[in-house]
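In: A predicted structure for the sequence below; I have some questions about it.
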Amino acid sequence: MVPAPPPPVTRTALQLYRDCLRLVRHIAPGHSPKSMALSQMVKGEFRKGKEETDEHKIEALKANAVRALSNYMLFESGAKDSKMSKAMDRNVQDAVQEQQPRSS
């Protein structure tokens, strides 16, 4: 069975690209090595999808960009809210424990 395509993202690829670069400037202002590396990563990811013509793949790529922006915002919110930070830490610990092999 073929999975249903993700719901369409209302922002254009250009708007998402600019949002991602703004986020990089927020995370690492100036011309630091971190800033340059993040900028190159964003540019490279968008360049890889530049020639894509399949509508479903384009929507999936746009959804990935939105998810990345959302994850960062959630991460930053968690850092400021102690209750949310503890919940995020528990989720990470649970995920790590699930990945470890179980011995019988």
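Out: Cool, got the structure.
In: give the buried residues for the lengthiest helix in the chain.
Out: Counting by DSSP state H, the longest helix found in the chain is helix 55-80. Buried residues in helix 55-80, counted by 16 or more other C-beta atoms under 10 Å: L61, K62, A63, A65, V66, A68, L69, G78. For every residue, glycine as well, the C-beta is placed using N, CA and C.
In: list the contacts of the residue lying closest to the fourth one once chain neighbours are set aside.
Out: So the one you mean is A65. Spatial nearest neighbour of A65, excluding adjacent residues (C-beta to C-beta, 6 or more residues apart in numbering): L16 at 4.4 Å. Counting by C-beta atoms under 8 Å, 6 or more residues apart in numbering, L16 makes contact with V9, K62, A65, V66, L69.
In: could you single out the nearest of those residues to K34?
Out: Closest approach to K34 among those (C-beta to C-beta): L69, at 17.8 Å.
In: one step back: which element is the residue nearest to A65 on?
Out: Using DSSP states H and E, L16 sits in helix 13-27.
In: how about that helix: buried residues?
Out: A13, L16, Y17, D19, C20, L23, V24.
In: so which of these comes closest to Q97?
Out: L23 (30.8 Å).
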